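Asks: I need the structure of the sequence given here:
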Amino acid sequence: QLQLAESGGALVQPGGSLRLSCAASGFTLDYYAIGWFRRAPGKGREGISCISASGTQTKYVDSVKGRFTTSKDNAQKAVYLQMNDLQPEDTAVYYCAAVDEGWYANCDQIDSGSFWGQGTQVTVSS
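Replies: Alright, predicted model coming up:
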């Protein structure tokens, strides 16, 4: 069964940091571009970052650019989202998903994905 599972969410104070993990089972990550998404309370799902199958291309939306970094360890079958300088508006359930498939899978789109996990809750509050 092809599946992704997120972990690492927590309650953190404004200005704090967290690292989210996205673990793959049933498939190899070097064949997929992986996107990070979030759904804030009362809002729709938002694609916020992506890393290509090779790991050489990354993409971020403006609201997280400079604060969030995504990385990939194909051997460990995991993708990470390092989040720094967290703010209350970052409060959301965070998800990872495969956004493109293939040895040259890229981050041309981060609007939709496959193999969704259950998500992990990030709450930024003092």
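Asks: what helices or strands is the strand ranked longest in the chain leaning on?
Replies: If you go by DSSP state E, the chain has its longest strand at strand 92-101. Where contact means 3 or more CB pairs under 8 Å, 6 or more residues apart in numbering; DSSP states H and E, strand 92-101 is packed against strand 3-7, strand 18-25, strand 32-39, strand 45-51, strand 78-83, strand 120-124. For glycine as for every other residue, the C-beta is placed from the backbone atoms N, C-alpha and C.
Asks: give me that answer again for 6 Å
Replies: In terms of contact count using 3 or more CB pairs under 6 Å, 6 or more residues apart in numbering; DSSP states H and E, strand 92-101 is assigned the packing partners strand 32-39, strand 120-124.
Asks: Using JSON lines, lay out those together with mean neighbour count, mean pLDDT and distance to Val93.
Replies: Conversion of these to JSON lines gives the following (neighbours: other CB atoms under 10 Å; pLDDT from 0 to 100; distance: least, CB to CB, whole Å):
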{"stretch": "strand 32-39", "mean neighbour count": "25", "mean pLDDT": "97", "distance to Val93": "5"}
{"stretch": "strand 120-124", "mean neighbour count": "18", "mean pLDDT": "98", "distance to Val93": "5"}
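Asks: Would you convert those strands into a markdown table that also reports distance to Glu101?
Replies: What follows is the helices and strands packed on strand 92-101, written out as a markdown table (distance: least, CB to CB, whole Å):
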| stretch | distance to Glu101 |
| --- | --- |
| strand 32-39 | 6 |
| strand 120-124 | 24 |
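Asks: closest one to Ala5 among these?
Replies: Smallest distance to Ala5 across these (CB to CB): 8.9 Å, for strand 120-124.
Asks: Partner strands of that closest one, with direction?
Replies: Note on strand 120-124: by DSSP bridges, its sheet partners are strand 11-12 (parallel), strand 92-101 (antiparallel).
Asks: Tell me what angle that strand forms with strand 78-83.
Replies: 10 degrees (axes from the mean of the first three to the mean of the last three CA atoms, to 10 degrees).
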